[in-house]
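Asks: Pasted the sequence and its predicted model underneath.
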Number of protein chains: 2
Amino acid sequence: MEKAPAKPSVQSAAEAAMRSDKAVVIGLNAAIVTVSDYGPKILVVPHDEADGTGGWDALPFGPFNPLEHRTLEIGLRSWVQEQTQLELGYVEQLYTFGDRGRHSLEIEAPGEHVVSVGYLALTRSHDETLKGAAWRDWYQHFPWEDWREGKPPIIDQVIVPLLREWVAKQSEASPPELARGKRRDRMRLCFGVDGVAWDDEKALERYELLYSAGLLLEAARDGRPNAQHLFQGKAPQLGRPMQFDHRRILATAMSRLRAKIKYRPVAFELMPPAFTLYELQKTVEALLGLHVHKQNFRRLVENAGLVERTGRMSTRTGGRPAEQFRFRREVLNERPAPGLKLAPSRSRANS
Amino acid sequence: MEKAPAKPSVQSAAEAAMRSDKAVVIGLNAAIVTVSDYGPKILVVPHDEADGTGGWDALPFGPFNPLEHRTLEIGLRSWVQEQTQLELGYVEQLYTFGDRGRHSLEIEAPGEHVVSVGYLALTRSHDETLKGAAWRDWYQHFPWEDWREGKPPIIDQVIVPLLREWVAKQSEASPPELARGKRRDRMRLCFGVDGVAWDDEKALERYELLYSAGLLLEAARDGRPNAQHLFQGKAPQLGRPMQFDHRRILATAMSRLRAKIKYRPVAFELMPPAFTLYELQKTVEALLGLHVHKQNFRRLVENAGLVERTGRMSTRTGGRPAEQFRFRREVLNERPAPGLKLAPSRSRANS
DNA sequence: CCCCTTTATACTCACTTTGAGCATATAAGG
DNA sequence: CCTTATATGCTCAAAGTGAGTATAAAGGGG
């Protein structure tokens, strides 16, 4: 832009549009989430080992065609519907990534650029065939994020030692002691080292940290010099990688969903019309990767007016039959719509 | 897309990139916020009345050039710096809007499409000349959002009556009673009618509601049929309109900032190195458009460890001198970074 | 100098929320 | 009739929150 600043006029914008060096293609990427069998699942498109992409999963995605669809979200819904027969309920835009060399290195024709817009979508579980797509437990891609059975061993056994090396390493182009301190703080806050509490919502920060420490295969693939040793094959694999920047988008989705579930009633998008509080709790726990205190969870859900009793009982596995509840849609019109704010239970006794 | 679904391969994406009907230009829009004289200010580029755009303000914006800048945010920082000499501290991506006919109607050359990415940026106040840009109190664009002097009269005198008409109006293509109920609920939740509490974070929802009710000049400009009467000139003007979808982006910025200030220490990005708690409070109140309880505000800020005393006193206007504080940057490395969670003070006595 | 206004700051108090645990109830299966 | 599950009701202490009282320290006008 020459000096459009003071006057970003109609002409200058139109001119800009004409200049092909500013033209990009928008890729719409969907992180479609469900919970089944008490496990959080993400819809992926698996690839053959043989096709040169290393057999990595991808999120479903498609280009945005501005002539065909009035908004980005309409574009997304339309081709997800077309490709997977899934009717998405809840859809939320996550973030727009334009990083050169990150998602795009292997996808772009020379002289072209792809900017990817990530979306989070929630859907009830079901078993229809999905035209080659498949549900995958999202903790396969993020094994360090599942604390439901206690702290995942991979953290203390693999991640923290590798990160300590990275902290100790001289970083280029900044005062060494300062840089070390920053790296150490990042590690502490992300992975709860030295008494810092685990924060389930930091999934994205953790992914970004592991990426910039060169511990993820995506970093090696993108050509980051500090990650090239991963190609030697003897380094430990941290979670299942994905194509392009899709694991980053999934991490964004996890962070956003884990945060949102606490102040908006989005968990119910994943539940069947009637459910027991136990099932609701297990769904929430699957997403958070944490156990919550059972009695307090019930108190919260009931006091917030989020559910109402159906009177029907659930003949379920295990102990005493539980009453079935349904989501009280009316809450959306009462209060400014609450969520499931809950602390993880420290002890394992009451979960 | 034909059936890329099952296999969104490298080829199909590259092909897509080549097809010009999918090429778009990305516009980067910056909502640059500061607080001065206890008023929240937004940086705008004013336009002459005469140039056919109606003399509307615009946010600074520029196209993203993927060849020149590695990421969207770098692109944004670079041309903001270039145009305004402002060095932005805090920058956060807000949302990506692709709505045809909303921001774009008047900007696009035929066959071209602009997708706009909105950013929120915070900067300390200063008085440099800004090459034709100017700071404007953001409540000029949103007069209903400023409750610091009590409920803005425009709500009961103008907005709610007009919205009631809109609620009563037959809406097309849906069961009338149901549609009416939905419209009524939206009005109630957004504007706090019938005992619903005012929610300062709903700035975006309120803007969208007024837009779809046809009460904003932008709606008329975009050709919405229910807003055409605004061109007759006798209808009341609800806030100062902006070019393209810029008021929508500003509303997004307000909502995000009002929410974020409560759980991240972003308010300090707007403060000078040393400040009194009174100044901090006034800054927060300016952004929230609400008064907060003074004593509780101090308790919160101090207990959260967000500030530390400097020992210096402020020789200020008014009463007893106040001690100056500074932001304790270390909090960022202790807890997972708290904010200023505070309830508005009901009474006006202690604000 | 005294009084009034203004802001600063310390402290109290009732009430709610939250984290944790105890106790009992009701099923299934041996 | 045990044991093992899960369901559900209830208590309790600690922490947090909303609102207010009380006192301190400045300036300005008489």
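Replies: Right, received. Where do you want to start?

Asks: Residue of the stretch 151-300 of chain A nearest DNA strand D, please.
Replies: Using CB to the nearest atom of the strand, the single residue of the stretch 151-300 of chain A nearest to DNA strand D is A:Tyr278, 3.1 Å away. Yep, even glycine has a C-beta here, placed from its N, CA and C like the rest.

Asks: Low-confidence ranges, the stretch 51-200 of chain A, go.
Replies: A:51-54, A:101-111, A:127-130, A:170-174, A:176 (pLDDT under 70).

Asks: hmm, 80 instead?
Replies: A:51-55, A:100-112, A:126-131, A:170-180 (pLDDT under 80).

Asks: The nearest residue to the residue of the stretch 151-300 of chain A closest to DNA strand D once chain neighbours are set aside: neighbour count?
Replies: Distances taken as CB to CB, 6 or more residues apart in numbering or on different chains put A:Ala322 closest to A:Tyr278, at 5.8 Å, once the chain neighbours are dropped. A:Ala322 is flanked by 16 other residues according to other CB atoms under 10 Å in any protein chain shown.

Asks: So A:Ala322 versus A:Gln281, what's the distance?
Replies: 11 Å (CB to CB, to the nearest Å).

Asks: Give me the common contacts of these two.
Replies: Common neighbours of A:Ala322 and A:Gln281, counting by CB atoms under 8 Å, 6 or more residues apart in numbering or on different chains, are absent.

Asks: re the thing from before, ok, and the residue of the stretch 151-300 of chain A closest to DNA strand D, which helix or strand is that part of?
Replies: Using DSSP states H and E, A:Tyr278 falls within helix A:277-288.

Asks: If you count neighbours, what's buried in stretch A:213-228?
Replies: A:213-222, A:224, A:227 (16 or more other CB atoms under 10 Å in any protein chain shown).

Asks: repeat for stretch A:316-325
Replies: A:322, A:324-325.

Asks: Out of those residues, which one has the weakest pLDDT?
Replies: Among the buried residues of stretch A:316-325, A:Ala322 carries the lowest pLDDT, at 93.

Asks: any idea how far DNA strand D is from that residue?
Replies: Distance, A:Ala322 to DNA strand D, using CB to the nearest atom of the strand, to the nearest Å: 4 Å.

Asks: show me the contacts for that residue.
Replies: A:276-278, A:313-314, A:316.

Asks: List only those of these flagged as buried.
Replies: Members of the contacts of A:Ala322 classed as buried by 16+ other CB under 10 Å are A:276-278, A:314.

Asks: Now pLDDT too, for the residues you listed, in TSV please.
Replies: TSV is the format used below for those (pLDDT from 0 to 100):
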residue	pLDDT
A:Thr276	95
A:Leu277	95
A:Tyr278	94
A:Ser314	86
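
Asks: of all those residues, which two lie farthest apart?
Replies: The largest separation in those, counting by CB to CB, is between A:Leu277 and A:Ser314 at 10.0 Å.

Asks: what angle do the longest strand along chain A and strand B:23-36 make?
Replies: If you go by DSSP state E, chain A has its longest strand at strand A:23-36. For strand A:23-36 against strand B:23-36, the angle by axes from the mean of the first three to the mean of the last three CA atoms, to 10 degrees is 80 degrees.

Asks: quick revisit: list residues touching both of A:Leu277 and A:Ser314?
Replies: Shared contacts of A:Leu277 and A:Ser314 (CB under 8 Å, 6+ apart): A:322-323.

Asks: what sits against A:Tyr90?
Replies: Taking CB under 8 Å, 6+ apart, we find A:Tyr90 in contact with A:121-122, A:266, A:269.

Asks: Helix, strand or coil: sort out the residue of the stretch 251-351 of chain A found nearest DNA strand D for me.
Replies: Relative to DNA strand D, the nearest point of the stretch 251-351 of chain A is A:Gly319 (2.5 Å; CB to the nearest atom of the strand). Three-state call for A:Gly319 (DSSP: H, G, I helix; E, B strand; the rest coil): coil.

Asks: again, but for A:Val193
Replies: A:Val193 ends up coil, using three-state DSSP.

Asks: For A:Leu209, give its distance to B:Arg335.
Replies: Distance from A:Leu209 to B:Arg335, by CB to CB: 18 Å.

Asks: cool, A:Lys282 as well?
Replies: Between A:Lys282 and B:Arg335 the computed distance is 29 Å (CB to CB).

Asks: Which residues of the stretch 251-351 of chain A lie near chain B?
Replies: A:332-333, A:336 (CB under 8 Å from any CB of the partner chain).

Asks: Find the nearest non-adjacent residue to the residue in the stretch 201-350 of chain A that chain B sits nearest to, please.
Replies: Closest contact between the stretch 201-350 of chain A and chain B, by CB to the nearest CB, is at A:Asn333 (4.4 Å). Distances taken as CB to CB, 6+ apart place B:Asp185 nearest to A:Asn333, at 4.4 Å, with adjacent residues excluded.
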